[in-house]
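Participant: Everything below, folded, please.
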Amino acid sequence: MNDKTVVIRPFRAEDHAAALALWCSDPGVGLSSADEFSSIARFLDRNPETSFVAESEGQIVGTILCGHDGRRGLIHHLVVATTYRRRGVGLSLLRAGLCAMRAAGIDKCHLLVFKSNEPGLAFWHAVQAVAREELALFSLSTANAA
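Facilitator: Numbering: from 1, shown residues only. Prediction:
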C-alpha cells in the first residue's frame, strides 16, 4: 500500500507533459490530436477552474479534465496511476470536477468510456453514473465542413 500524501489541485497547461505520459500509460485512454499541448492549453483557457490533477511528491498521479458549453458538462481523462488506485484518488478528482462544474452553473455532465475499458466501466458504475443505452454516439471531422 502506498501511503504518500496526494493533493488535488487545478490542472495547469504546464502539467501537460506529465499528464500525457500518464494517459499514455493507461490502455483504457483513447488519445488523438485533441490531446496535444495546444489543444489542452486551449481547453484549459476556456475552462480555467474545472480541471484538476492529483499530485504526490511532485508527480502527477491522476487527472480529470472537465469542461462545459454553458449548458452541459463533459468529463475527459479521469485517469489515476495504477499504484495510486483504490485509494480514493479518482473519487476525489471526480468530486473536485463536479463541484467546480456545479459552481459554474452546470447541473449534468456526460462522459465517454470505451466498452473495452473494464476498470473504467467498473469505476463509473461504482459512483452510480447512469449508462445511457438509449443514445448513439456520432462523430464528425470539421474537415468535412467544406
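
Participant: switch to C-alpha atoms for all contacts and neighbour counts from now on
Facilitator: OK.

Participant: Which element is encountered next along the chain beyond the longest strand along the chain?
Facilitator: Across the chain, the longest stretch assigned as strand under DSSP state E is strand 59-68. The C-terminal neighbour of strand 59-68 among helices and strands, as given by DSSP states H and E, is strand 73-80.

Participant: any idea of the mean pLDDT for that following strand?
Facilitator: Averaging pLDDT along strand 73-80 yields 97.

Participant: Direction included, what does it pair up with?
Facilitator: Strands that pair with strand 73-80, judged by DSSP bridges, come out as strand 59-68 (antiparallel), strand 109-111 (parallel).

Participant: moving C-terminal of it, what's the next helix or strand?
Facilitator: helix 89-103.

Participant: which helices and strands sit right next to that next one?
Facilitator: Contacts defined by 3 or more CA pairs under 8 Å, 6 or more residues apart in numbering; DSSP states H and E place helix 89-103 against strand 7-10, strand 52-56, strand 59-68, strand 73-80.

Participant: got the buried residues for the longest strand of the chain?
Facilitator: Buried positions in strand 59-68, judged by neighbour count with 16 or more other CA atoms under 10 Å: 60-68.

Participant: now, among the residues you listed, which is nearest to residue 40?
Facilitator: Proximity of the buried residues of strand 59-68 to residue 40 (CA to CA) peaks at residue 65, which lies at 9.1 Å.

Participant: Just give the nearest non-adjacent residue to that closest one, would you?
Facilitator: Nearest non-adjacent residue to residue 65, counting by CA to CA, 6 or more residues apart in numbering: residue 51, 4.5 Å away.

Participant: before we move on, the earlier item: CA atoms only: put the longest strand of the chain into CSV for me.
Facilitator: Below are the C-alpha coordinates for strand 59-68, written out as CSV (Å, rounded to 0.1, in the frame of the first residue of the first chain):
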residue,chain,number,x,y,z
GLN,A,59,4.5,13.8,-9.5
ILE,A,60,1.1,13.9,-11.3
VAL,A,61,-0.6,10.6,-10.3
GLY,A,62,-4.1,11.5,-11.5
THR,A,63,-6.1,13.8,-13.8
ILE,A,64,-9.6,14.9,-14.7
LEU,A,65,-10.5,17.3,-17.5
CYS,A,66,-13.9,18.9,-17.1
GLY,A,67,-15.4,21.5,-19.4
HIS,A,68,-18.8,22.8,-20.4
